[in-house]
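Undergrad: sharing a model prediction with you, sequence too.
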Amino acid sequence: MATENAGDRDRLSERERQILGHLEQAQSLGVPLTEYASAYEVDVRDLYAGKAALVKKGILSRAVAVEKSDFVPVRISSRGASAIACRVSHPSGWMIEVAQLPEVAWATALMRGAVDDPT
């Protein structure tokens, strides 16, 4: 929630500063105002009315309409230590999971053994 001028905060009433704080926190959490208001037990109508007043005063910039996109946001995080890189399962029920991709020779020998095994 970008303010037009940081010095403008000094001219805000206590209630306007509270509203601005709520708006900035909701944005930093990445949640809609309705969800934020419910979680923090704040009246969502007060947030929307306060936001409109702050826009009218020039404290907040008007929201720019966002075009709909075929893309969706994706969050990529580092893989945990317990991640499985390879899983081999047999129809009889046994399963082998390894954290790193095995060498080709090992996997080939494993598959040959599984084919030769009549179980």
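TA: Arrived safely, thanks for sending. Numbering: from 1, shown residues only.

Undergrad: shouldn't Ile96 be within a strand?
TA: Yes: when DSSP: H, G, I helix; E, B strand; the rest coil is applied, Ile96 is found to be in a strand.

Undergrad: may I have the phi/psi pair for the spatially most central residue of the chain?
TA: Taking C-alpha atoms, centre = their mean as the criterion, Arg75 is the residue nearest the geometric centre of the chain, at 5.9 Å. For Arg75, the backbone dihedrals (degrees, to the nearest 10) come out as phi -110, psi 120.

Undergrad: hmm, His22 is touching Glu41, no?
TA: No: in this structure His22 lies outside contact range of Glu41 using C-beta atoms under 8 Å: 11.2 Å. All C-beta atoms are positioned from the backbone trio N, CA, C, and that covers glycine.

Undergrad: now for Val55, how many residues are close by?
TA: When neighbours are defined as other C-beta atoms under 10 Å, Val55 has 14 of them.

Undergrad: check which helix or strand it maps to.
TA: helix 44-57 (DSSP states H and E).

Undergrad: helices and strands around that helix, which ones?
TA: If you count contacts as 3 or more C-beta pairs under 8 Å, 6 or more residues apart in numbering; DSSP states H and E, helix 44-57 packs onto helix 14-29, helix 33-39.

Undergrad: quickly list the domain ranges of this structure.
TA: Following automatic domain parsing, the chain resolves into domains at 6-57, 86-116.

Undergrad: quick one: contacts of stretch 31-49?
TA: Outside stretch 31-49, the residues that touch it by C-beta atoms under 8 Å, 6 or more residues apart in numbering are 19, 22-23, 25-26, 29, 51.

Undergrad: end to end, how far does that stretch reach?
TA: Start-to-end span of stretch 31-49 (C-alpha to C-alpha, to the nearest Å) is 18 Å.

Undergrad: with stretch 60-70 instead?
TA: Terminal residues of stretch 60-70 are spaced 29 Å apart (C-alpha to C-alpha).

Undergrad: quick one: mean pLDDT for that stretch?
TA: Averaging pLDDT along stretch 60-70 gives 72.

Undergrad: and the contacts of stretch 31-49, which of them are buried?
TA: With neighbours counted by 16 or more other C-beta atoms under 10 Å, the contacts of stretch 31-49 contain buried members at 19, 22-23, 26, 51.
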